[in-house]
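Undergrad: Predicted coordinates and the sequence they were generated for:
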Amino acid sequence: MTTLLRNCWYVALPGKDLKPGKMVHRKMLGEPVLIGRRKDGQVFAMRDICPHRGIPLRYGWMEGEDVCCCYHGWRFNTEDGGCREIPSLTEHDNLDISRIKIPTYACREVQGHIWVYFAEDSKKEVDPADIPPVPTIPDFGKIGPGVSETIHFACHIDHAIIGLMDPAHGPYVHSSWWWRSGPRKFRVKEKQYEPVSQGFRLVPYDMPVSARPYKILGDNVSIEIVFELPSVRTEILRGDRYSACLLTTITPIDETQCIAFQSIYWTIPWMGVFKPLLSLLTRKFLAQDRDVVIQQQEGLAYNPSLMLIDDADTQAKWYFRIKYEYQKAIAENRPFKNPIEPKILRWRS
Ligand code: FES
């Protein structure tokens, strides 16, 4: 089995980073992907390799709805990848250019992110009816993120994901004078979890009245944290006045590296003034995670056997179980059956 999940949506980049008429290259799941935005605002994704002589199409340019290759000017439609023109042909040539095609990917812009769908085989056309909906944060409609940060992780996506859901690393990795001062004030945490469609969630519970920063959302603030395959984690805070959400998604570049996207959404009208501060804190947090992963790679280079303990690492165990079941269900052509049972997890942090 491949270690990178397919038949899934992955974030390619924040929508704000792609202006109309522009194209960018991203390596995703080991594949070269050209992502662009047409003048009408629509986004597209296609294989970033010219079928003529292999040069990446990103070195070319866009003309209307088409992409033109920089080498010999072949023109390809961004909707279906079909070749529209080969400038060197004369009326004496009888090449059927309608047979020349670049594989395209389903590509959507949702809540401020550009998502690309990776089918089982990127070179085969996919029936749109077989493509699942793009992951969407409930309650936030078409709202885009107020803050959006991206960071490179020099590790396999599995390590980034289990780091993301690891409740025991915070006091050590995210120890800062402005956040928390270290492991001295450990308390026992006890949280109820349950399965959701392709993942699991922390069952929503009310934040303690003493949690003052959350009061900006109003009274009765509750928190819900959901993780779903392949790598989407949403942490939603709902108050009786406003809501806020931290969305984290991870996209594999290949088997050895990945990109994390972290975005904050809110419905608070005056929150915009805090954008610079929130961006700074988000970057700091992500950098702390990235730095520990870089150190971890030094040890992993020796291929040590690793441990997952109860209950602090139970979410990591669940991740591997649902990932395995997801791949098995596809291989056996049957529906995914979530193996997670509701459970209370306890740990000290
Ligand atoms: S390599 Fe692209 S047109 Fe020739």
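TA: Alright, I've got the coordinates.

Undergrad: switch to C-alpha atoms for all contacts and neighbour counts from now on
TA: Noted.

Undergrad: Need the residue closest to the centroid of the chain.
TA: Thr249 (3.1 Å; Cα atoms, centre = their mean).

Undergrad: part of a strand, is that residue?
TA: Yes - counting by DSSP: H, G, I helix; E, B strand; the rest coil, Thr249 is part of a strand.

Undergrad: Quick check: Asp127 vs Ala106, distance?
TA: Using Cα to Cα, to the nearest Å, one gets 10 Å for the distance from Asp127 to Ala106.

Undergrad: With Phe76 instead?
TA: Look at Phe76 and Ala106: by Cα to Cα, they are 16 Å apart.

Undergrad: next one: Val292
TA: For Val292, the distance to Ala106 - Cα to Cα - is 34 Å.

Undergrad: the more surrounded of the two?
TA: Remark: of Val292 and Ala106, Ala106 carries more neighbours, 19 against 13, as counted by other Cα atoms under 10 Å.

Undergrad: residues of the longest helix belonging to the chain that come out buried?
TA: When the chain is scanned for its longest helix (criterion: DSSP state H), the result is helix 275-300. Buried positions in helix 275-300, judged by neighbour count with 16 or more other Cα atoms under 10 Å: Leu278, Ser279, Thr282, Arg283, Phe285, Leu286, Ala287, Gln288, Asp289, Arg290, Val293.

Undergrad: In terms of pLDDT, where does Ala211 sit?
TA: pLDDT recorded at Ala211 is 69.

Undergrad: what about Ile309, how many neighbours?
TA: Neighbours around Ile309, by other Cα under 10 Å: 10.

Undergrad: for Thr150, what are its contacts?
TA: Thr150 makes contact with Ile259, Ala260, Phe261, Gln262, according to Cα atoms under 8 Å, 6 or more residues apart in numbering.

Undergrad: Ramachandran coordinates for it?
TA: Torsion angles at Thr150 (phi, psi; degrees, to the nearest 10) stand at phi -130, psi 140.

Undergrad: just how off-centre is the longest helix of the chain within its chain?
TA: With Cα atoms, centre = their mean, to the nearest Å as the basis, helix 275-300 stands 16 Å off its chain's centre.

Undergrad: May I see the buried residues of the helix or strand that comes right after it?
TA: Later in the chain than helix 275-300, the nearest helix or strand by DSSP states H and E is helix 314-331. By 16+ other Cα under 10 Å, the buried positions in helix 314-331 come out as Thr314, Gln315, Ala316, Lys317, Trp318, Tyr319, Ile322, Lys323, Glu325, Tyr326, Gln327, Lys328.

Undergrad: Go ahead and confirm the fifth one touches Ile340.
TA: Right, the one you point to is Trp318. Yes - using Cα atoms under 8 Å, Trp318 is in contact with Ile340, at 6.8 Å.

Undergrad: check contacts around the nearest residue to Ala244 once chain neighbours are set aside.
TA: Spatially, and ignoring its direct neighbours in sequence, Ala244 is nearest to Trp266 (4.1 Å; Cα to Cα, 6 or more residues apart in numbering). Contacts for Trp266 (Cα under 8 Å, 6+ apart) come out as Pro145, Gly146, Tyr242, Ser243, Ala244, Cys245.

Undergrad: Kindly report the same for Thr256.
TA: So Thr256 contacts Ala154, Cys155, His156, Ile157 (Cα under 8 Å, 6+ apart).

Undergrad: Most neighbours among these, which one is it?
TA: Within the contacts of Thr256, most neighbours by other Cα under 10 Å means Ile157, with 25 neighbours.

Undergrad: ok, now which ones touch that one?
TA: Neighbours of Ile157 in contact, by Cα under 8 Å, 6+ apart: Leu4, Ile250, Thr251, Pro252, Glu255, Thr256, Gln257, Cys258.

Undergrad: if I read this right, the third one contacts Gln262, doesn't it?
TA: Pointing back at Thr251 there. No - under the criterion of Cα under 8 Å, Thr251 is not in contact with Gln262, lying 11.5 Å apart.

Undergrad: Looking at these two, which one has more neighbours?
TA: More neighbours surround Thr251 than the other of Thr251 and Gln262, with 26 against 23 (other Cα under 10 Å).

Undergrad: So which bits of stretch 197-207 are buried?
TA: For stretch 197-207, the neighbour count (16+ other Cα under 10 Å) marks Gln198, Gly199, Phe200, Arg201, Leu202, Val203, Pro204, Met207 as buried.

Undergrad: Find the nearest non-adjacent residue to the second one, please.
TA: With Cα to Cα, 6+ apart as the criterion, Gly199 has its nearest non-adjacent residue at 4.2 Å, and that residue is Glu228.

Undergrad: Quick check, the one you found in contact with Phe200.
TA: Yes - counting by Cα under 8 Å, Glu228 touches Phe200, with 6.7 Å between them.

Undergrad: can you list the weak-confidence ranges in the stretch 201-349 of the chain?
TA: 210-211 (pLDDT under 70).

Undergrad: In three-state terms, how would Glu91 be classified?
TA: Three-state call for Glu91 (three-state DSSP): coil.

Undergrad: Run through the residues of the protein sitting next to the ligand.
TA: Counting by Cα under 6 Å from any ligand atom, the chain comes close to the ligand at Cys50, His52, Arg53, Gly54, Ile55, Cys69, Tyr71, His72, Gly73, Trp74.

Undergrad: Just give the number of residues close to the third one.
TA: Right, the one you point to is Arg53. 9.

Undergrad: Relative to Asn7, how far out is Ala119?
TA: On the measure of Cα to Cα, Ala119 and Asn7 end up 4 Å apart.
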